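**Q** Build me a model:
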Amino acid sequence: MTADYRPLRRLAHLVRTGKVDAATGKLRLGVDLGTANIVLVVVDGRNRPVAGGWRHASVVRDGIVVDWHGAVQAVQSIKSDLETRTKSRFSRAAVSVPPGIDRGTTKVFTNVLEACGLDVAEVVDEPVAAATALGMRDGAVIDIGHGTTGVSVMSGGEVVVSIDEATGGHHMTLVLAGALKMSYESAEAFKVDPGNEAIVFATIRPTLEKMATIAANALSGRDVEAIALVGGASSFPGAPGVFAEVLGRHVERPDEPLFPTPLGTAMRRKHA
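**A** Now for the predicted structure:
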């Protein structure tokens, strides 16, 4: 897979610095309601990132919105900030959802947008959004979030397989908390400290292997050449190696793996 990661790196810079790039054409908005982070992305008429905002939040668990009011408040706050920074007003947005969820669960996600004054332009599976950002029309995307592992197989730009199971970064933290006999909050802080990388990876490796097995089952019997590993929980340096070992094939993790899904969500929007 030969993807251009410059838009991802640029988006990450814009999100972290609060800067806004010059735009060409009408702006478009995408909303990614993750288990650990809510990310909103603005792209221009050429699908180039213009601005972005994020907030750590625990409003989604195992692919389900469990704090609707918290989600609305977070999206509204980020949206207002983006409107101020881009000097624009947004009335429509696309939203990403975990693959395979039912219509009722999807409706909760779209209700969050509507409560923020946004018409829903499109609902897109998270791994499909990531594939869009990576320019992948044929292959598989494994999206490891804080709550779930999603796998989508693409053929000619269309989804042929899409699954989602409740194993993610949250479960890594639970394993770490149990192994090191510390609170969940302490384990989460311990997990993201680069100085603890070796002990954390050794402890959560079985959880990564379980995620890789989920992906292997989804890909069983399918001739998939390109495999991309995305999502915040894939950020551990050894994660691609674990997946490659279990899957028996090369796995590529793009630069800034947290951002393909939110970027692709904005890009997936069909109507400006």
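**Q** What are the buried residues along whatever helix or strand Ala216 lives in?
**A** Per DSSP states H and E, Ala216 falls inside helix 197-219. Across helix 197-219, burial judged by 16 or more other CB atoms under 10 Å covers 200-201, 203-205, 207-208, 211-216, 218-219. (Glycine included, C-beta is placed from N, CA and C.)
**Q** for stretch 145-153, same thing?
**A** Neighbour-count burial for stretch 145-153, with 16+ other CB under 10 Å as criterion, is recorded at 145-153.
**Q** So which residues of the protein form helices?
**A** Secondary structure of the chain by DSSP state H: the helices cover 6-17, 68-86, 103-115, 126-134, 169-180, 184-192, 197-219, 239-247, 260-268.
**Q** ok, Val95 touching Leu29?
**A** No - counting by CB atoms under 8 Å, Val95 stays clear of Leu29, with 9.7 Å between them.
**Q** Need the outlier residue of this structure, farthest from its centre.
**A** In the chain, the residue that sits farthest from the middle, by CA atoms, centre = their mean, is Lys181; the gap is 29.5 Å.
**Q** quick one: contacts for it?
**A** If you count contacts by CB atoms under 8 Å, 6 or more residues apart in numbering, Lys181 has none.
**Q** still on that earlier bit, as a markdown table, the helices of the chain with mean pLDDT and distance to Ala140 would be great.
**A** A markdown table is the format used below for the helices of the chain (pLDDT from 0 to 100; distance: least, CB to CB, whole Å):
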| stretch | mean pLDDT | distance to Ala140 |
| --- | --- | --- |
| helix 6-17 | 95 | 18 |
| helix 68-86 | 94 | 29 |
| helix 103-115 | 90 | 22 |
| helix 126-134 | 88 | 8 |
| helix 169-180 | 94 | 20 |
| helix 184-192 | 93 | 26 |
| helix 197-219 | 95 | 6 |
| helix 239-247 | 96 | 9 |
| helix 260-268 | 91 | 13 |
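**Q** quick one on the thing from earlier: which elements pack onto the helix holding Ala216?
**A** Applying 3 or more CB pairs under 8 Å, 6 or more residues apart in numbering; DSSP states H and E, one finds that helix 197-219 contacts strand 139-144, strand 149-155, strand 158-165, helix 169-180, helix 184-192, helix 239-247.
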